[in-house]
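J.: give me a model of this one.
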Amino acid sequence: MKLSKLVIAAAVVAAGTTSLATGAFAQAKEQFFPLLSYRTGPYAPNGTPWANGKQDYLKMINARDGGINGVKLTFEECETGYATDRGVECYERLKSRPGVTLFDPQSTGITFALTEKAPADKMPLMTLGYGLSVSQDGMAFKWNFPMMGSYWTGADILIQHIGKSLGGVDKLKGKKVALVYHDSPFGKEPIPLLQERAKMHGFDLQLLPVTAPGVEQKATWLQVRQSRPDYVLLWGWGVMNSTALKEAQATGYPRDKMYGVWWAGAEPDAKDVGEGAKGYHALALNTSGQEPKVIQDILKHVHAKGHGTGPKDEVGSVLYTRGVIIQMLGVEAVRRAQERFGKGKVMTSEQVRWGLENLALDQKRLDALGFAGVMRPLSTSCADHMGSTWARVHTWDGKKWNMSSDWYQADEQIIKPMVKTGADKYLSDKKMSRRPAGDCQS
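T.: The predicted model follows:
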């Protein structure tokens with residue numbers, strides 16, 4: 001196979017984690033994107049479309065635009081199987097590649113491990129909608145970027161939405177809310193926020209951990225049947241989500257009283273359950289469908305030419321689109337960095353970090369990028385590494401997801417003090433200090 005720049009992606013798909021040709025890195029003006037992924041194991045149904053969207057966006061930028069101001073984009077996938085140790089191995093192997101940009105760990109557990117390595121390596125970590133909730137504080141976490149939301153913002157929005165459905169959050173008093181969660185760093189992240197909200201509004205919070213990967217939940221749903229919570233929040237991933245919906249159906253728990261995080265609200269989570277999942281709600285960070293211009297451009301410049309990473313009918317699905325968004329933010333961080341450090345040059349990971357910290361994607365810019373209607377505007381700063389705290393709720397109708405709410409913004413009056421306290425504790429435990437104000441220019 002001829003390994004031209006535009007065919008690198010195809011080689012990666014064919015060879016899995018096989019290294020790219022050595023010569024590819026010797027060529028000038030190439031920005032390298034390491035892609036941690038999991039196409040195997042119990043999380044593959046969700047991890048695969050996510051990874052495909054990321055690849056296809058990079059291919060599209062090369063094919064349509066010739067890269068970023070003349071800088072071609074290259075990448076290599078590394079299979080983690082969602083395992084923290086394998087994710088760290090991938091990171092160590094890929095972090096020194098010429099032109100390396102940033103890492104999207106695609107796992108909260110891997111993020112926890114890499115957060116301690118990133119400052120020494122000067123490597124930015126983009127954790128869109130996952131990772132450490134306290135890393136929103138950019139003055140404490142210089143290298144972490146939990147773009148578009150954390151598990152605290154997600155949990156907060158779900159409580160807001162349930163409260164609104166009751167006629168106000170004051171109506172939550174005396175209610176029972178059960179959290180069925182993946183027993184891992186990912187699943188445990190929303191607990192502090194939910195405990196704070198429970199204290200504020202007087203509802204009873206029941207914590208029901210599910211052992212990974214989540215294929216065995218009968219004991220959990222027996223507890224649900226016995227305690228009869230008014231609402232169930234589902235903090236699952238991969239096979240855990242469809243298993244939970246099937247168990248809820250089997251035990252007679254109403255699906256319209258179930259609310260999932262945005263990693264429990266994609267097509268693979270509900271399609272196999274079909275009508276049995278009808279009425280189930282989940283958070284949505286982005287839309288789905290093939291109508292947006294960016295998706296049409298991917299179909300035109302990538303799939304129509306036989307270079308698509310996965311099946312064409314998957315393009316535009318919930319997690320595929322989220323992968324596209326992640327790569328767009330990475331590309332725009334490079335573009336923003338070039339504005340300061342040199343247009344048409346390959347950016348270092350330190351320069352890309354500055355770009356991530358200075359993104360300003362207003363609606364006009366999102367429209368120009370082809371993301372009209374796909375996501376909310378996003379703007380980061382030295383203090384705010386999240387950039388947006390908005391999400392909606394969508395509902396499964398038995399065959400597909402439909403938006404069922406307007407946008408909600410997480411309540412920063414609750415979250416910011418928690419973030420500050422949590423970040424200060426992290427720094428104290430690690431014997432680290434906050435960034436000085438002058439560091440915001442670096």
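J.: pretty sure T40 contacts Y82?
T.: No. Judged on CB atoms under 8 Å, T40 makes no contact with Y82 at a distance of 9.1 Å. Where you see a C-beta, it was placed from the backbone N, CA and C, and this is true even at glycine.
J.: looking at these two, which is more packed in?
T.: Shown here are T40 and Y82; by other CB atoms under 10 Å, Y82 has more neighbours (27 against 14).
J.: doesn't the more buried one lie inside a helix?
T.: No. Judged by DSSP: H, G, I helix; E, B strand; the rest coil, Y82 forms no part of a helix; its state is coil.
J.: is it true that it touches S37?
T.: No. Using CB under 8 Å, Y82 makes no contact with S37, being 9.6 Å away.
J.: overlap in contacts, these two.
T.: The contact sets of Y82 and S37 overlap at G47, Q106 (CB atoms under 8 Å, 6 or more residues apart in numbering).
J.: just checking, K188 touches Y181?
T.: Yes. K188 lies in contact with Y181 (CB under 8 Å); the separation is 6.8 Å.
J.: the longest helix belonging to the chain - what's its average pLDDT?
T.: For the chain, the helix with the greatest residue count under DSSP state H is helix 318-341. Mean pLDDT, computed over helix 318-341, is 98.
J.: may I see the buried residues of the helix or strand that it is followed by?
T.: Next helix or strand after helix 318-341 toward the C-terminus (DSSP states H and E): helix 349-357. By 16 or more other CB atoms under 10 Å, the buried positions in helix 349-357 come out as S349, Q351, V352, R353, W354, G355, L356, E357.
J.: helices or strands up against helix 349-357?
T.: Contacts defined by 3 or more CB pairs under 8 Å, 6 or more residues apart in numbering; DSSP states H and E place helix 349-357 against helix 318-341.
J.: give the buried residues for the helix it packs on.
T.: For helix 318-341, a neighbour-count test (16+ other CB under 10 Å) marks 318-338 as buried.
J.: do the same with stretch 208-220
T.: Buried, per 16+ other CB under 10 Å, within stretch 208-220: L208, V210, A212, P213, G214, Q217, T220.
J.: are we agreed that the first one is in a strand?
T.: To tie it back to what came earlier, the one meant is L208. Yes. Assessed with three-state DSSP, L208 lies in a strand.
J.: for this protein, what are the low-confidence residue spans?
T.: Along the chain, the model assigns pLDDT under 70 to residues 1-28, 442.
J.: domains for this structure, by residue range?
T.: 5-149+288-385, 151-284+391-416 (automatic domain parsing).
J.: among the ones you listed, which comes closest to P436?
T.: domain 5-149+288-385 (9.1 Å; CB to CB).
J.: which of the buried residues of stretch 208-220 lies closest to W143?
T.: A212 (27.0 Å).
J.: secondary structure element for that closest one, which one?
T.: Using DSSP H and E, A212 sits in no helix or strand.
J.: which residue ranges of the stretch 101-250 of the chain form helices?
T.: 108-115, 118-121, 151-166, 185-188, 191-201, 218-227, 239-251 (DSSP state H, counting those that start in this stretch).
J.: those helices into JSON lines, with extra columns for distance to R434?
T.: Output for the helices of the stretch 101-250 of the chain, formatted as JSON lines (distance: least, CB to CB, whole Å):
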{"stretch": "helix 108-115", "distance to R434": "16"}
{"stretch": "helix 118-121", "distance to R434": "13"}
{"stretch": "helix 151-166", "distance to R434": "20"}
{"stretch": "helix 185-188", "distance to R434": "24"}
{"stretch": "helix 191-201", "distance to R434": "21"}
{"stretch": "helix 218-227", "distance to R434": "40"}
{"stretch": "helix 239-251", "distance to R434": "37"}
